[in-house]
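predicted structure and sequence below. I'll ask about it afterward.
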Amino acid sequence: MPDEPNRPAYARRTTIRSKLPADKGPSLSGRDARPCATWKTGCAAFLDQMAAAGAPDLRESAFLETSASEDGRGLMGPVVKSVVLSNRVRLPYAEQGDPTGVPLVLLHGFADSWRSFELVLAHLPESIHAFALTLRGHGDASRPAAGYGLRDFAADLAAFQEAMHLRTAVIVGHSMGSAVGLRYAIDHPKRTKGLVLVGASPTMEATAAAREFWDSIVSKLTDPIEPALVRGMTETALVQPVPLAFLEAAVRESLKVPAVVWKAAFESRWRREGDYSDELGKIKAPTLIVGGAQDAGYPRAAQEALASAIAGSQLLVYHDAGHLLHWEEPQRFAADLVTFVQGVLERGGAPSRTGTRAIGNETA
């Protein structure tokens, strides 16, 4: 297919992916990735074509080089586990770093999973004990019949910290995950060592655009979700190109989210669950706000409103990034996280644990 001059780079690059049979690529899971040498040899010409077209050379990325050890830990990636919480909800999560290091809990946006932070995890130092969660209803997590409001997600986060025996942690949230992080920091100030809000807003109250999207698309959704819808939403949010294998994996994860969760997430906006305008002053934890200047859904004005309302917060703007800035500039984002965490430690000491973590309710 010839390139179209007005198509963004990421869209031109994704057309190349269709030339590779879907069942021939390596897994991207840190636990299950066992790349096949025959596959890599047979697809050398395909990878050369991708590089010639300007796409990232996947032979130089962790996607093709990650392998799994017997204990389930990828040699270049996190350990993927799951935990059954006290409320019987099972959440998958990716864990990496020194168990005695600074606990950092990462919360993805709507329709994503822990994989939303996969590129970021690759750049975090061992001194940070990172946990990237998959929220209920998303990815391979439990899908209860109800309970998809922001308070439900925040309650799961509290239960997760209990299960991991983390007295405090730095909470990082992207998009919907940032709304969960805000709710958690307001309701559990003593357990929030620091807060990082990415692609965030002081309110997730329904807008005219959200209402139109509900009326025309979400309210009519049935399972299975149409792949074209998910891919279109993902690509629309991108400003810079991302690795093709990562994009494909992200779309597959989003397709796991059932229609009932899509509808419940939007219905919570009609109930004004995500309007924190009158509560932001309660947040006392050190807070970093990161926004993409090209983010059409969460413009800079929203980030500035958060910064004004949360005392002592810091605002960083990525001028060439959009809503998925942690996908587009993962190394920079990871470096900013490390700097923020170091500042939190200098301000208040290392986060503590409540004791030795039991592993009886975890599965690797």
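Thanks, I have the structure now.

would you say residue 288 is within a strand?
Yes: under DSSP: H, G, I helix; E, B strand; the rest coil, residue 288 falls within a strand.

residues touching residue 203, list them.
Going by C-beta atoms under 8 Å, 6 or more residues apart in numbering, residue 203 touches 274, 275, 276, 277. Glycine gets a C-beta too; all of them are placed from N, C-alpha and C.

count of neighbours near the nearest residue to the third one once chain neighbours are set aside?
Excluding its sequence neighbours, the residue lying closest to residue 276 (C-beta to C-beta, 6 or more residues apart in numbering) is residue 182, at 5.3 Å. Residue 182 is surrounded by 31 other residues when neighbours are defined as other C-beta atoms under 10 Å.

residue 182 contacts residue 287, doesn't it?
No: between residue 182 and residue 287 there is no contact, the gap being 9.4 Å when judged by C-beta atoms under 8 Å.

overlap of the contact sets of these two?
195, 197.

any chance of a PyMOL selection covering the buried ones in the contacts of residue 203?
In PyMOL, a selection of the buried entries from these looks like this (16 or more other C-beta atoms under 10 Å):
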select buried, resi 274+275+276
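
low-confidence ranges in the stretch 101-250 of the chain?
Confidence mapping of the stretch 101-250 of the chain against pLDDT under 70 gives the ranges 205-207.

the same query, at a cut-off of 90, please.
Within the stretch 101-250 of the chain, the stretches with pLDDT under 90 are 202-219.

for the stretch 251-364 of the chain, same thing?
264-278, 296-299, 302, 347-364.

going along the chain, name the strands of this protein.
Taking DSSP state E, the strands of the chain run over residues 79-84, 90-96, 102-107, 128-133, 169-174, 192-198, 287-292, 314-318, 362-363.

figure out which of those strands is closest to residue 256.
Closest to residue 256 of the strands of the chain is strand 90-96 (C-beta to C-beta; 10.9 Å).

identify the residues contacting the closest one?
With contacts defined as C-beta under 8 Å, 6+ apart, strand 90-96 is touched by 30, 77-85, 113-115, 117-118, 121, 124, 129-136, 139-142, 156, 160.

the domain parsing of this protein - what is it?
Split into domains by automatic domain parsing, the chain comes to 28-77, 79-348.

most tightly packed of these?
For the domains of the chain, ranked by mean neighbour count under the definition mean count of other C-beta atoms under 10 Å, the leader is domain 79-348 at a mean of 20.

how far does it sit from its chain's centre?
6 Å (C-alpha atoms, centre = their mean, to the nearest Å).

end to end, how far does it reach?
From its first residue to its last, domain 79-348 covers 29 Å (C-alpha to C-alpha, to the nearest Å).

same thing with stretch 311-331?
When the termini of stretch 311-331 are compared using C-alpha to C-alpha, they are 28 Å apart.

same deal with stretch 124-141?
25 Å.

quick one, longest helix in this structure?
Looking across the chain with DSSP state H, the single longest helix is helix 330-348.

could the strands of the chain go into CSV alongside distance to residue 229?
Output for the strands of the chain, formatted as CSV (distance: least, C-beta to C-beta, whole Å):
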stretch, distance to residue 229
strand 79-84, 27
strand 90-96, 24
strand 102-107, 23
strand 128-133, 25
strand 169-174, 20
strand 192-198, 24
strand 287-292, 23
strand 314-318, 27
strand 362-363, 32
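
let's see stretch 293-302 as CSV, backbone CA atoms only.
C-alpha atoms of stretch 293-302 as CSV (Å, rounded to 0.1, in the frame of the first residue of the first chain):
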residue,chain,number,x,y,z
ALA,A,293,1.3,19.3,24.9
GLN,A,294,-0.3,17.5,21.9
ASP,A,295,-2.9,15.7,24.1
ALA,A,296,-6.3,16.8,22.6
GLY,A,297,-8.4,15.1,25.3
TYR,A,298,-6.5,16.4,28.3
PRO,A,299,-5.1,19.8,27.3
ARG,A,300,-2.5,21.7,29.2
ALA,A,301,-5.2,23.8,30.9
ALA,A,302,-6.3,20.7,32.7
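
list of residues touching that stretch?
175, 199-202, 237, 239, 291, 317-323, 325.

kindly recompute the last result at 10 Å.
Stretch 293-302 is contacted by residues 175, 178, 197-204, 207, 209-210, 236-240, 289, 291-292, 303, 305-306, 315, 317-325, 328 when judged by C-beta atoms under 10 Å, 6 or more residues apart in numbering.

tell me which of those fall in helices.
Members of the contacts of stretch 293-302 lying in helices (criterion: DSSP H): 178, 209, 210, 236, 237, 303, 305, 306, 325, 328.

the last one and residue 201, how far apart?
What that stands for is residue 328. Going from residue 328 to residue 201 by C-beta to C-beta, to the nearest Å gives 19 Å.

then the third one?
Residue 210 sits 12 Å away from residue 201 when distances are taken as C-beta to C-beta.

same check on residue 128?
Distance from residue 128 to residue 201, by C-beta to C-beta: 26 Å.

same thing with residue 107?
Taking C-beta to C-beta as the measure, residue 107 falls 15 Å from residue 201.
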